[in-house]
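Chemist: Could you work out the structure for the sequence below:
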Amino acid sequence: MKPNIIIILADDMGFSDLGCYGSEIKTPNIDSMAEKGVRFTQMYNCARCCPSRASLLTGLYPHQAGVGYMTGNAGIREYQGFLREDCATIAEMLGKEGYSTFMSGKWHVGGNYPPMQSETWTPGNNDHPIPVQRGFNKHYGMLGGAGSYFHPPYMINGYNLLSPPGQNYYITDALTEEALKMIDEAVVSENPFFLYLAYTAPHWPLHALPEDIAKYEGKYVNKGWNKIREERHEKLTGMKILDPKWKISPKDEKAPLWQDAREKEWEDLRMAVYAAQVDRMDQGIGRVLQKLRRLGIEENTMVVFLSDNGGCAEFLAEDKDKPEPMRYNMPTPDGRRMHVGNTPDRKPGADETFMSYGLPWANASNTPFRLYKSWVHEGGISTPCVMQWPATIKKQSIEHSPCHLIDLTATCIEAAGAVYPKELKGKKSPVSEGESFMPVLQGKKWKRERPFFGEHMGNRFVRDGEWKLVSQHQAKDGTGKWELYNMNDDRTELNDLAEKNKTKRDELEKKYKEWTERCEVLDWPPGKK
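Modeler: Numbering: from 1, shown residues only. Next up, the predicted model:
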C-alpha cells in the first residue's frame, strides 16, 4: 500500500527551537513525533526561504529549479525567480502515481509579488506559476514571502485571489484548518495523498495570539540570550544530538551581553512572541496528528517536519515617514497605521506592529552554531528534522549522517513508488541530485555516496563526508576566502584547517567548481560583467 506523505515546513526557525532539540519552547506534538520516529542531526537546507522550497519541491539544487536567488527575475533561467518548466515537482510526480495532492501554505517559488502593488499581480501567467499549475489539486495560502499574520496579503485559493482577511483571523490557524479539510477530502477519495503544509511561522513579523504570548512573557528576562544558548547547548549534548567535544560557538560579537542589554523587558517580550509563534504552529501540527489517528491512517502516513533555513537576524528599522515607505507598511483593514520597526516604545505581537526578534535571539535560536539565515555556515543551513511513519519506522532513533533537502525529496519519491521524469513538456529534465535515505527509516545504516553543495548570495559550501569547505561572501575582509572544517571534530566551525590542509581544501574547491558548471551556478551577483 502506498503511504500518505505529509511534509510540514517551518519558516525561519533555528536549529534549537524545538523541545526535542533542546529548547524551552513548548512543542509537545513535534516532540511526540521524535519519541517514536527519527531525529536527524545533520539535515541541511538551502539557507533561504525560496531556494529551500524550490529544492524541496523538485529534489534539485535551487539553481537547477530556477530559483538560484530569490523571486526577482534576473533574466537568466537559473535566477528567474520561479520554477522552471523542465523541473517536475513532487506533486506532479506523485500525481502520476494516483496521489491526491494538496498544499496549504506559503508558495514563494512563483515570481515576485510586491505587496503594495496588487494591481500588478499576475498569478498564473508564464512567469508567475501557482501551485495548482504545478501538480497540486488544491492550494490555499500565500503566494509571496511574508506579511501580517492577521491580515496577510497575496493570499490565494486555487486560482482565486483573496482580499486581506478581517477580524479573528490568524494565518497559522487558517493553514492548519485548510490542511485538516484536505486530509478529510483525501480520505473520502480513498487515494493516497500528499500534503505540503508550509507554515509562515515563525518568520517575522512578530505576530502572536495573546494567550500564547502569556505562556512565555517574563520567561527570558532573568536569563537572556547568553544563558538560553548555554542551557540549549547543554540539553542538546545530553540528548546526544551534539557530540560533547563540539564547543558552543562564541557569542556573536554584535550581540551585547545580556547584562548590558537595554530594554530587557521589551527584549524578553520579543522572544516571548517568537516562542508563541512556534508554540501555535506546534498546536496546529498536533491537530494534524490527531486527525490522522482519528481517521485510522496514522500507521501508513509518513510525516516530516523541518525548517527552510536557520534563525533570521534581520533587523526591521523604524519606518517613520520615509518618502518610499517599507514594502510592508500597509494599514490594517480598519485603517489603523502599521508601525514598522524594532522600537522599544511599542510592544510586539499585535496586528498594527511589524517587528523582528533580532540578531541576539537568532544567535540563541541557532545554538550552538555560527551565523544565520542566508549564510551557509551551520547556523544558516542546519535544520531540525523529525520524521514519523509507524508502518516503517519501528523504533526511536537519532540519525547523524549528513543529508540534504534533495535527499528528503528522493526518499518521498521512493516511498511513493514514483520516478523522476526524463523530460517534462517536451524539454529534457535535470537529473535528480538526491539520494534516498530509506534505509534509515528501516533501521539500517546509510551514508550518502556523493558530496552535496550550496550557494546563496555568494556564500558557498561543499559537504563531503566529514569535511566541509565554506566561504562567507560578506566576510569583513571582503575576500570570501575558503574555510575548511573537519565536521567530526568541529561541527561548530571554530578551527579553520584551510591553511593546514591545503590538499583537502583544493580537492573540495575543485569539486565545487565542477558542481557550479554542472548546475550553472554563476558568480555573485548573477549577470555581473
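
Chemist: which stretches of the stretch 1-150 of the chain have low pLDDT?
Modeler: Applying pLDDT under 70 to the stretch 1-150 of the chain picks out residues 116-117.

Chemist: residue ranges of the strands in it, please?
Modeler: Listed in chain order, the strands found in the stretch 1-150 of the chain under DSSP state E, counting those that start in this stretch are 4-10, 38-44, 100-105, 138-142.

Chemist: Same list, the ones you listed, but as CSV with distance to Tyr220 and mean neighbour count please.
Modeler: (Each C-beta comes from the backbone N, C-alpha and C, glycine too.) Formatted as CSV, the strands of the stretch 1-150 of the chain follow (distance: least, CB to CB, whole Å; neighbours: other CB atoms under 10 Å):
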stretch, distance to Tyr220, mean neighbour count
strand 4-10, 20, 24
strand 38-44, 25, 23
strand 100-105, 28, 27
strand 138-142, 29, 23
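
Chemist: OK, contacts around Asp112?
Modeler: Let me fix one detail, which is that residue 112 is Asn and not Asp. Thr71, Gly72, Asn73, Gly81, Gly144 (CB atoms under 8 Å, 6 or more residues apart in numbering).

Chemist: beta partners for the residue nearest to Asp86 when sequence neighbours are not counted?
Modeler: The shortest distance from Asp86 to any non-neighbouring residue, by CB to CB, 6 or more residues apart in numbering, is to Lys427 (4.0 Å). With DSSP bridges applied, Lys427 shows beta-bridge pairing to Leu424.

Chemist: Distance check, Lys427 against Gln133.
Modeler: According to CB to CB, to the nearest Å, Lys427 stands 16 Å off from Gln133.

Chemist: Let me see the ranges of the helices in the stretch 51-200 of the chain.
Modeler: 62-65, 90-95, 171-189 (DSSP state H, counting those that start in this stretch).

Chemist: Among these, show me which one is buried the most.
Modeler: For the helices of the stretch 51-200 of the chain, average neighbour numbers computed from mean count of other CB atoms under 10 Å are highest in helix 62-65, which has a mean of 30.

Chemist: Packing partners of it?
Modeler: Secondary-structure packing of helix 62-65 (3 or more CB pairs under 8 Å, 6 or more residues apart in numbering; DSSP states H and E): helix 49-58.

Chemist: now the helix it packs on, how far from the centre of its chain.
Modeler: Remark: helix 49-58 is offset 9 Å from the chain centroid, using CA atoms, centre = their mean, to the nearest Å.

Chemist: and what of stretch 292-303?
Modeler: With CA atoms, centre = their mean, you get 24 Å for stretch 292-303.

Chemist: ok, residues contacting that stretch?
Modeler: Stretch 292-303 has contacts (CB under 8 Å, 6+ apart) with 1, 3-6, 8, 33, 183-184, 187, 288-289, 387-392, 412, 415.

Chemist: same question, stretch 439-452
Modeler: With contact meaning CB under 8 Å, 6+ apart, stretch 439-452 is reached by 38, 44, 387, 389, 392-395, 397, 399, 401-404, 406-407, 411, 433, 435, 437, 462-465, 508, 511.

Chemist: quick revisit: could you dump the helices of the stretch 51-200 of the chain to a markdown table with distance to Pro153?
Modeler: Converted to a markdown table, the helices of the stretch 51-200 of the chain look like this (distance: least, CB to CB, whole Å):
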| stretch | distance to Pro153 |
| --- | --- |
| helix 62-65 | 24 |
| helix 90-95 | 24 |
| helix 171-189 | 11 |
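
Chemist: Tyr199: which of the ones you listed is closest?
Modeler: helix 171-189 (5.9 Å; CB to CB).

Chemist: if we can go back for a sec, switch the strands of the stretch 1-150 of the chain over to CSV; also include distance to Val304.
Modeler: Output for these, formatted as CSV (distance: least, CB to CB, whole Å):
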stretch, distance to Val304
strand 4-10, 5
strand 38-44, 10
strand 100-105, 14
strand 138-142, 18
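
Chemist: Relative to Lys245, which of those is closest?
Modeler: Nearest to Lys245 among these is strand 38-44; the distance by CB to CB comes to 14.3 Å.

Chemist: The closest one: partners in the sheet, and parallel or antiparallel?
Modeler: Applying DSSP bridges to the sheet, strand 38-44 is found paired with strand 382-388 (antiparallel), strand 397-399 (parallel), strand 403-404 (parallel).
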